[in-house]
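A.B. asks: Here is my input; please provide its structure:
(chains A, B, C, D and E)
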Amino acid sequence: MTDVPATSGYDVLVIGAGVGGMESALSLGDMGFKVLLVEKEASVGGRMILLSKVFPTLDCASCISTPKMAAVGHHPNVRSLVYSEVDEITARPEGGFSVRLTQKPTFVDAAKCTGCSLCEPVCPVPVPDEFNYDLAGRRAAHIAFPQAVPKKAVLSRRGTSPCSFTCPAGVKPHGYIALVRAGKYDEAFRQHLEDAPLVGVLSRACYAPCEESCTRADLEGTVSIRGIKRFMADRYYAAHPEPEYGPPKVLSGKKVAIVGSGPSGLTAAFFLAKAGHTVTILESAAEPGGMLRWGIPSYRLPKSVLERDLKNITALGVQLHTGVKVGSLEALRSDGYDAVFLATGTVGGRTLGVSGDHLKGVYDAVGFLHDVNADAPPDVAGKNVAVIGGGNVAIDCARSALRLGAKQVYLVYRRSREEMPAHAWEIRDAEEEGVHLACSWDVDQVVGYDGRVWALELVGSSSTGGKGRKQALARDESRRETLPVGAVIAAIGLTPATSPFSTEIARAANGTVKATPETLQTSLPYVFAGGDDVLGPSSIADSMGQGRRAAFYIDRYLRGVELSGTVFDDPLPEVDRAQVAAEARTDAPARLPVPAPRLAVGDRIASFVDFEAGLTEEEARANANRCLDCGICSECRQCVAACPADAIDLGMRARHETVTARSVVLATGFSPFDARQKPAYGYGRLPNVITGPQMDRILAPTRPFNAVVRPSDGKTPSNVAFVLCTGSRDDQVGNRLCSRVCCMYSMKQAQLLMGSLPLADVTIYYIDIRAFGKGYEEFYRQTQGMAVSFVKGKVSRIEPTDDQDLLVHYEDVEGGGGEKVARHDLVVLAVGLLPNTGALKLFPDGAPASDVHAYISEPDEELEPGKTSLAGVFVIGSATAVRDIPDTIVHSEAASAQVAAFLKRPGAKA
Amino acid sequence: MLVFSTNAISDMGIDLAGSSHLDYAASVEVISVPCSSGIHPEWILRAIRAGFDGVFIAADGPECSYVSDCVERTGRVVAEAQALLEKSGYDAGRLKMAAICSVCAEPFVHHMRQFGDALASASAPAVG
Amino acid sequence: MKTDPTFVDTLRLGGEFDARMCMNCGVCTALCPLGLEILPRKLFRRVLLGDHTAVEGQETTIFSCLLCRLCEQNCPGGVHIAENVRTLRTYLNREVHGLAEA
Amino acid sequence: MTDEKSRRIGVVVCQCGGNISDYVDTEKVREAASHEPGVVSTQVQMFACSDAAQQDAIREIREKKLDGIVVCSCSPKLHLATFRAMAERAGLNPYEYTQVNIREQCSWAHTHDPAGATAKATGLVMAGIARTARSQPLEPIRVETLPQALVLGAGVAGLRSALALSDLGISVHLVESSDHAGGQVMRWGDLFPHDKVGAELVASLVAEVGRRENIQLYLGTELVEKSGRVGAFSVRLRTFTGDQIPLKVGAIVVATGFEPYTPKPDEFGYGLPGVITLPELKEALARRPKPLVYGGREIRSIAYIYCVGSRQSADDGTGHAYCSRYCCSATSHISTVVNGLDASVKQYHLFRDVRTYGKYEALYESALRGGSLFLRYGEEAPPVVRSQDGALVVQVKDRLLGGEEVELRPDLVVLVTGMVPRDNAALTRVLKIPVGQDGFFREVHVKLRPVETVVDGVFIVGTAQGPKNVAESVQSALAAVSKAGALLLKGYVDLDPQVAKVDPNLCVWCDECTKACPYGAIDRVAYGDKEVAEVNPILCKGEGACVPVCPKQAVSVLGYTHEQVTSMIDALAKEAV
Amino acid sequence: MPVPISATLGMLGDNLRKRRSALPLGRRVSTAWARGLDLPHGGSTVLYTGQMWQMVPAINAMSRQLSKYENSRLTGLFGFARTLNRLVNLTPLLARTKASERRAYNERLRNIVRLLRAAGVEFGYLYADDVYAGGLAHDEGLDRALEEHARWVWEVFRRNGVRRVITVDPHTTNMLRSVFPKLVPGFSLEVRSYLEVLAEKRLTARAPLERTATIHDSCVYARYENVVEPPRTLLAGAGVRLAEPELSGKMTFCCGGPIEMLFPGKSSEVATKRINQLKAVDSRVVTACPLCYANLSRAAPSDVEIHDISDYLVEAYCPVEA
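C.D. replies: Numbering: from 1, shown residues only, chains lettered A, B, ... in the order given. Prediction:
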């Protein structure tokens, strides 16, 4: 695009680069005025460029448009801003207008993009192609159409998909789902690995907050995101027992110590090592993994998966020292570490704090699970076991106890079932396996006999109302129960293992480390802390998110860059799920969830084996196919890799600009009638009922199907009907006006159809044939001469047959009257044009006057075309009344003369 | 094969064939001129003499913004050039013309294939 | 057919016959569940042109109408077809059935 | 022209980040180009269009004193302007630059044949070099223009365009052949759609014209002669007294209007008392008669018969096959005016299609609301109008009742007559602008250049171009003003210098080129002792219509000379795949 | 020869003027349904039946009688019948109803009461003053008689101090909401169909039905009174998965009922057409109008079930406690 400096003022602002806006910009530019042309779409050209041929001369719309589009692009006096919107126009006290506008982000650096389209084929997200009126698909990464000016790619992004937005670990599920859908499994895995390591762990043991946020969950049920991940991870690991990469080639020379090898420590190590730092993990236990190894029962996370995940980290050169207890941070400093990341995790369980809580047979959850995982479980076989607590850890303990052969397992929880912090499906699974819930009971005391636990004395308990965990509890002494048990597992909270450093860094009362929430830096500048150390007990994904965040800031710290002044993660705002769901509901058929197959309950609790089978390839792809592409672009970054010019910039954001203009031309065009408003015609419901604009695409040489075919089955139509006045001259849709172009464009399409399908029958149902312009009546005669049938009678309704043909009901007005029914195999609705009222909203101080139909008025239509009620604001083309192309061009040129006169009026300042 | 195309219209169609990765023979080479009504018949003879098997004029058609009867004018050029070819002992079929509009990628490729096939099946070019 | 421009005024006395906005598109007739050939469009047209014999000769048709308003719901001219039919019924009750008091 | 061997040409081959180089061996192409005579600089760039690459090229042009540059990259549609600007920044004449398309027309088209693509790219580059070697610097043709315009016709369109030209500071000579300004509209009363009164509307324009110092109105005056070129026409006017007035103007606006169709005697009863035309009714209603009386008769009912003089089959000899566009709206409107005068008047419209297009549908609606009845007749069975016992009887087969005959007894029959072109023969001769089949003046292209004619600087507006209502006439009048403004406001226009040129040494004046030129751009001039053709570069559009007709190959278009094209053909043939 | 129009309409007009109803039923018959429900007398909000549900058995009976006469020469007797009807109420003779049928129709009204009570709506009933609204006279163009009747009905409401009315059928809803305000000066009532009232209450189904069905919209509800969504909302809430027929909602197709009295043959043709359209979608059809219900039931073959919406709603929202 021409590079007119953006800073200075313009003589004219033209809004809308359709045929009228382009004409106006060019003629004003030719007269020597400085023009800013703003277009909301990614290319200039408006609607005309979408047409096949244009009446009455049947010349090619593209051939007429493209030279004008090119001229607009290169005119020295015209700056055209595509993919941009005017937000507000206000009058300036000194004259002229102040214009606020927004350049929407294309996520492609226009200066670098060469229009080569290599981003298109690699993009896994299909989008209905607006250029083809949704008849065909395009990709989220695309060039608007082949003749686009400028010919630059655009990524369609509506925001961040809820799944990706929600993930605390920074994983972008939408991306790998889109890639799995496309069959690009390895790419999917690699994309995940770029965002977060521990892919296998997450695929088994993550609580998948993404699934809760999945828009499909609001419809038929969530996409099984974790299932897809597991499929992709299992498949990848089977094919790649070892990582595909080694340590980075360029090293920073900086050393980092990471204390603890749980999820946050491992994640931080991964990212820091990738950044070229030398990373050592110091783990006190004999084996690495922290809670991943000791806290999660293997029916949820097999150890082999963890081992393979660890390789993704060690392959980068990360040193893992186990059995090392770190006692002092200062010591690490003197050992030569430039920075420390403290991620010791929560190792201690809290005690019950009631009498008898130290009896034999009373365990804390951490210890219990550790022993289970260490293959040295306490003997609970044949005993009644009570697990105290309502969280996920409690569930893990209860289900493990079942698997160890416990007779009955009770889950005792102080509050109601609704208040249980464990995930609903975990509770469901536990119940399914036979765990008894004892909600609204509190432990009064543990009753022992001979030093061993013998029973639990329970007392009624309930929250005092409202929802949430913070509600106060009240004991209900009227309810008491004694539960005979042989083992009690307390799963009522964990404490972080930060006490060794209490003298060196600041801690909170609950034992967590005080760290700046954004940077995770502690009171010792070289020490950062994260995961449970900061958050308290938290999920794997949360901890990994902390590790990633810490790595980002530790890297900055090591590079000597200010920690502040940057944003760690800056996603686009989350898309509105309700809106996506509503759109999905209107059209798409239901897509039912594809659940992962599971073992029968009996087999499940017999051992610690993985009870859920992975999804098969078909199941994984079926699930991926259920993705609604909420954010449109999935952030899979395939385009980034494919672009030879390095032009893709996912971080691009909207740019706002304020300019001045001495005058404004509104060339905002029309909006087509939505044929769904006419349910009797079945558009949107009957596949072979299409609109005139769609027919134009089917007839255009650049047509989507490369032949004239009907949508339902690709059959060549042989009997086509045109239904005129769809949405025009119709009180029932609130538009009594004539849309002026539909008779002519239908006849044009009829002629083109007869040209490509000479044997087809074509019928045009009309009220009046409005062939009024120069050469139009002649065109009408010519159409009649081509044996196109014209039937006087508006179509009343359209009904489908079993084979997707259409029965068209009408009155044969001139043939004696009465209802007739004709069978056609394709019906084209000649949809009308409606005013586009958007421009009226741009003027906060008072919009130009509009008429009763909501078109912008020309108060003196006869003598002052193009002038609105506001001095200096002009209107052209269909923004003021529907016009055909020749009339739009004449009107635009006329308005240009008016603008010129306004700019040259006596006393006007340049 | 030598193609004469036009800056404003048929060039766009041929470009589109390329950007849509529609395959046609690499032996098709293009010279662009402002308007197909301005092609000199001698150029065509020159091309055949210089060794091209055939010449194709990708004409402007009715969209031509210069002359409303561009199709007829280009037709006359073709007729004259064909006469010239025959006089020089070449098959007049070695020159073809069709209107190629700015979105006529498919038709262009189709013409190239057909014309290529026709030229190949014609007897070896006789030099007159 | 001879026209009588005053006939429609006779009808207005009995109710609110108003078919002026009809543009003879035929949607109404083509939707009639009974497939009445003459009603609504052609009959209304005859009323407007002043052919009262058409009204009197179409008693059965006029009383057959279901008043279901499928036609009216889709009339692009916004003609209140059902009300017009009722008006014609009132007219017939008064002029033909001798039910003026009804 | 310099000898191509002594040229200093630079070649840039673009890889387009693989889009080209994945299929075309760009290094091989560069290598081949570097051996070409006249080529003194070659480079391969990853992205020739990037800033850095452009800087490289500019440095190369300056350092190696290049006098021509060939960039082998993508389609010229994308970057011709980019590289022309680059050449200019480097101090090189932009017409010494050639873009060779080795992407859209090479690498992308032949992805399955890298060797073929490379060979083809080499050929195309050679051709580009050959063309550049024979190129010459060209400067835009700057044409001085006079800020003066001639407007023919002082009807609504002429008056309004005169005022608009005057607004832009362009002086206007407004020439009207009759003895008064105002045209047809002056006689009319309420106009659709806003009920402005025609006479008042015209009067306001005439008064404003009178107030403008830079508009000169000539009544009873005709244009009799025109010569010269866009921006500086010499014209001669002749007044009704026979005086001749010579003028110099930069542009000419033709706003000579239309004639209303006059029915033939007996056509739909024309001639019978009470059978009148629409313009006659309009004139009558402009006086707002109350009660509604015409020719002494009180009017209780009116029958309008539409499409009189319009939409007639071509074979009936009248030649008015076109639709006159304004009449349906005008008649719908006039029936509302009648309603306003006397709501009890019954009105019957005998129409073929109601063509109240766009917003004018509201007029049809208001006619319906006023109680107008529409009866549809077919071309094959036109209504019959006769007189019976002093009364008018109209019989029409109403297609809306399946062709049943309906008999009306209106007090007035109004024939809705269309617009026909005026006798434009004299003006056509003087201005050399064509008329179309319908007899109206013909524009160059209805969409690309709707008010321009084949003669640059001569515009056609209003009903001289075709039937229009007042608002539409004014729109086209102002459209011509913006086109004229672009020509005249700056005092000059820069034209593309790639125009035709005659080699006087070869020319033998056979007149073929003159006949072929659609723009009248070729003159006959003396050259030494012979007469030769000479192209007026101001009128020439550079399309080359004259090129193929010249038996001596004496004329060619700059940038596409015989030498250039044949050298390209040879270069391509040599490298043929 | 069809049933003589003038005589039939004459009888209708006479009944309306003399006996305040198209089909005078008698107080005992028209209020029998409310027995044992302990509905309060009157009040500012009343459930107003307009006697439509009660009348359907009589209409059915009459139709059985009339179908004997259509196309028979006996139709000449109708003129005589009308004269006689002015003196003696003949309609009960024609409309000999079956008790079982009466009970079935009355049950719909009891359903509606149960539903409204479940939704916590408070209302009374006018008993003897629960009069006919005059829909048939309106349809047949008996405007003079209707005007008189409408004024009388308004007087009845006023006398009872009624401000808000909950209606149970589309025809009565239309008369009260859209016709009477134009006929009677000063007429002002807030009129809402029980479906609209219930739909707003967001009831939870206690026994979701888990069944499929199709819906037949009443022309009067859908096109006259814009009641399209409420039945759908309620049915969806009741767990019914509705499949829409080709013509539904605002595009619904008539059941043929309105011309049942004058042209029973044509009426049943329309009903059969409609049944076929509905059958193509589901064999269970839900209606919300007593006339649609009756007319479709008459035309339905054995494999098509016609249900009144209140049956389904009661089953889901007010299940009988075990």
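A.B. asks: so where is chain E shaky, pLDDT-wise?
C.D. replies: E:1-3, E:66-81, E:84, E:87-95, E:321-322 (pLDDT under 70).
A.B. asks: Where does the record place the domain boundaries for it?
C.D. replies: Taking automatic domain parsing as the reference, chain E has its domains at E:5-198, E:203-317.
A.B. asks: any idea which of those domains is most buried?
C.D. replies: Greatest average neighbour count among those goes to domain E:203-317 (a mean of 21), per mean count of other C-beta atoms under 10 Å in any protein chain shown. For every residue, glycine as well, the C-beta is placed using N, CA and C.
A.B. asks: follow-up on the earlier one: tell me which of the domains of chain E lies nearest to chain C.
C.D. replies: Between chain C and the domains of chain E, the shortest gap by C-beta to the nearest C-beta is with domain E:5-198, which sits at 2.8 Å.
A.B. asks: And that closest one, end to end?
C.D. replies: Counting by C-alpha to C-alpha, to the nearest Å, you get 40 Å between the two ends of domain E:5-198.
A.B. asks: before we move on, the earlier item: D:Ala133 is nearest to which of the domains of chain E?
C.D. replies: If you check each of the domains of chain E against D:Ala133 by C-beta to C-beta, domain E:203-317 wins as the nearest, at 73.6 Å.
A.B. asks: circling back: including distance to chain C, could the domains of chain E go into a markdown table?
C.D. replies: Shown next, in a markdown table, are these (distance: least, C-beta to the nearest C-beta, whole Å):
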| stretch | distance to chain C |
| --- | --- |
| domain E:5-198 | 3 |
| domain E:203-317 | 4 |
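A.B. asks: right, so of those, which gets closest to A:Ser543?
C.D. replies: Put simply, out of the domains of chain E the one that sits nearest A:Ser543 is domain E:203-317, at 40.5 Å, with distance taken as C-beta to C-beta.
A.B. asks: Give me the contact list for stretch D:33-45.
C.D. replies: Stretch D:33-45 is contacted from outside by D:4-15, D:26-27, D:30-31, D:53, D:56-57, D:60, D:64, D:66, D:68, D:70, D:122, D:125-126, D:129, D:133, using C-beta atoms under 8 Å, 6 or more residues apart in numbering or on different chains.
A.B. asks: how about the helix or strand containing B:Val78, does it get close to chain A?
C.D. replies: Following DSSP states H and E, the helix or strand that holds B:Val78 is helix B:70-87. No. Helix B:70-87 does not reach chain A (C-beta under 8 Å from any C-beta of the partner chain); its nearest approach is 11.2 Å.
A.B. asks: D:Lys248 belongs to a strand?
C.D. replies: Yes. D:Lys248: assigned to a strand according to DSSP: H, G, I helix; E, B strand; the rest coil.
A.B. asks: Tell me the bridge partners for it.
C.D. replies: Here D:Lys248 sits in beta bridges with D:Ser234, going by DSSP bridges.
A.B. asks: correct me, but it touches D:Leu146?
C.D. replies: Yes. The pair formed by D:Lys248 and D:Leu146 meets the contact definition of C-beta atoms under 8 Å, at 5.8 Å.
A.B. asks: Packing partners of the lengthiest helix in chain E?
C.D. replies: Among the elements of chain E assigned as helix by DSSP state H, the one spanning the most residues is helix E:99-118. Packing partners of helix E:99-118 (3 or more C-beta pairs under 8 Å, 6 or more residues apart in numbering or on different chains; DSSP states H and E): strand E:45-48, helix E:52-69, helix E:194-200, helix E:309-317.
A.B. asks: tell me the angle that helix makes with helix E:309-317.
C.D. replies: Direction vectors for helix E:99-118 and helix E:309-317, defined by axes from the mean of the first three to the mean of the last three C-alpha atoms, to 10 degrees, enclose an angle of 50 degrees.
A.B. asks: Not counting its own residues, what contacts helix E:99-118?
C.D. replies: E:29, E:32-34, E:37, E:39, E:47, E:49, E:53-54, E:56-57, E:60, E:123, E:166, E:168, E:194, E:197-198, E:203, E:290, E:308, E:310-311, E:313-314, E:317-318.
A.B. asks: Keep only the residues you listed that also lie close to chain A.
C.D. replies: Restricting the contacts of helix E:99-118 to contacts with chain A (C-beta under 8 Å from any C-beta) yields no residues.
A.B. asks: C:Thr3 touches D:Glu407, doesn't it?
C.D. replies: Yes. With contact defined as C-beta under 8 Å, C:Thr3 counts as touching D:Glu407 (6.8 Å).
A.B. asks: And those two? Which one has more around it.
C.D. replies: Remark: of C:Thr3 and D:Glu407, C:Thr3 carries more neighbours, 21 against 12, as counted by other C-beta atoms under 10 Å in any protein chain shown.
A.B. asks: one step back: more neighbours, D:Lys248 and D:Leu146?
C.D. replies: D:Leu146 (19 against 13).
A.B. asks: excluding its backbone neighbours, what's nearest the more buried one?
C.D. replies: Distance criterion C-beta to C-beta, 6 or more residues apart in numbering or on different chains; nearest residue to D:Leu146, sequence neighbours excluded, is D:Gly250 at 4.0 Å.
A.B. asks: what about whichever residue of chain C sits closest to chain A, distance to A:Val828?
C.D. replies: Ranking the residues of chain C by distance to chain A (C-beta to the nearest C-beta) places C:Gly26 first, at 2.8 Å. Using C-beta to C-beta, to the nearest Å, we find C:Gly26 at a distance of 19 Å from A:Val828.
A.B. asks: Please export the C-alpha coordinates of the longest helix of chain E as PDB.
C.D. replies: Listed next in PDB are the C-alpha coordinates belonging to helix E:99-118 (Å, rounded to 0.1, in the frame of the first residue of the first chain):
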ATOM      1  CA  ALA E  99     -70.200 -38.700  29.400                       C
ATOM      2  CA  SER E 100     -66.800 -40.400  29.100                       C
ATOM      3  CA  GLU E 101     -65.800 -37.900  26.500                       C
ATOM      4  CA  ARG E 102     -66.900 -35.000  28.700                       C
ATOM      5  CA  ARG E 103     -64.800 -36.400  31.500                       C
ATOM      6  CA  ALA E 104     -61.800 -36.700  29.300                       C
ATOM      7  CA  TYR E 105     -62.000 -33.100  28.200                       C
ATOM      8  CA  ASN E 106     -62.700 -31.800  31.600                       C
ATOM      9  CA  GLU E 107     -59.500 -33.600  32.800                       C
ATOM     10  CA  ARG E 108     -57.500 -31.100  30.600                       C
ATOM     11  CA  LEU E 109     -58.900 -28.200  32.600                       C
ATOM     12  CA  ARG E 110     -58.000 -30.000  35.900                       C
ATOM     13  CA  ASN E 111     -54.500 -30.600  34.500                       C
ATOM     14  CA  ILE E 112     -54.100 -26.900  33.900                       C
ATOM     15  CA  VAL E 113     -55.200 -26.100  37.500                       C
ATOM     16  CA  ARG E 114     -52.600 -28.600  38.800                       C
ATOM     17  CA  LEU E 115     -49.900 -27.100  36.700                       C
ATOM     18  CA  LEU E 116     -50.700 -23.500  37.700                       C
ATOM     19  CA  ARG E 117     -50.800 -24.600  41.400                       C
ATOM     20  CA  ALA E 118     -47.500 -26.300  41.000                       C
END
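A.B. asks: what's the next secondary structure element after it?
C.D. replies: Next helix or strand after helix E:99-118 toward the C-terminus (DSSP H and E): helix E:135-139.
A.B. asks: what does the next helix or strand after that following helix rub up against?
C.D. replies: In the C-terminal direction, the helix or strand that comes right after helix E:135-139 (DSSP H and E) is helix E:143-159. Here helix E:143-159 makes contact (C-beta under 8 Å, 6+ apart) with C:14-15, C:86, C:90, C:100-102, E:13, E:16-17, E:20, E:126, E:129, E:131, E:133-134, E:137-138, E:165, E:179-180, E:183-184, E:186-187, E:189.
A.B. asks: Now helix E:143-159 - C-alpha only, PDB.
C.D. replies: Output for helix E:143-159, consisting of C-alpha atoms alone and laid out as PDB, is shown next (Å, rounded to 0.1, in the frame of the first residue of the first chain):
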ATOM      1  CA  ASP E 143     -70.600  -8.800  13.900                       C
ATOM      2  CA  ARG E 144     -73.800  -7.300  15.300                       C
ATOM      3  CA  ALA E 145     -74.500 -10.200  17.600                       C
ATOM      4  CA  LEU E 146     -70.900 -10.400  18.700                       C
ATOM      5  CA  GLU E 147     -70.700  -6.700  19.600                       C
ATOM      6  CA  GLU E 148     -73.700  -7.100  21.900                       C
ATOM      7  CA  HIS E 149     -72.300 -10.300  23.400                       C
ATOM      8  CA  ALA E 150     -68.900  -8.700  23.900                       C
ATOM      9  CA  ARG E 151     -70.300  -5.900  25.900                       C
ATOM     10  CA  TRP E 152     -72.200  -8.400  28.000                       C
ATOM     11  CA  VAL E 153     -69.100 -10.400  28.700                       C
ATOM     12  CA  TRP E 154     -67.100  -7.300  29.700                       C
ATOM     13  CA  GLU E 155     -70.000  -6.500  32.100                       C
ATOM     14  CA  VAL E 156     -69.600 -10.000  33.600                       C
ATOM     15  CA  PHE E 157     -65.900  -9.500  34.200                       C
ATOM     16  CA  ARG E 158     -66.400  -6.000  35.600                       C
ATOM     17  CA  ARG E 159     -69.100  -7.200  37.900                       C
END
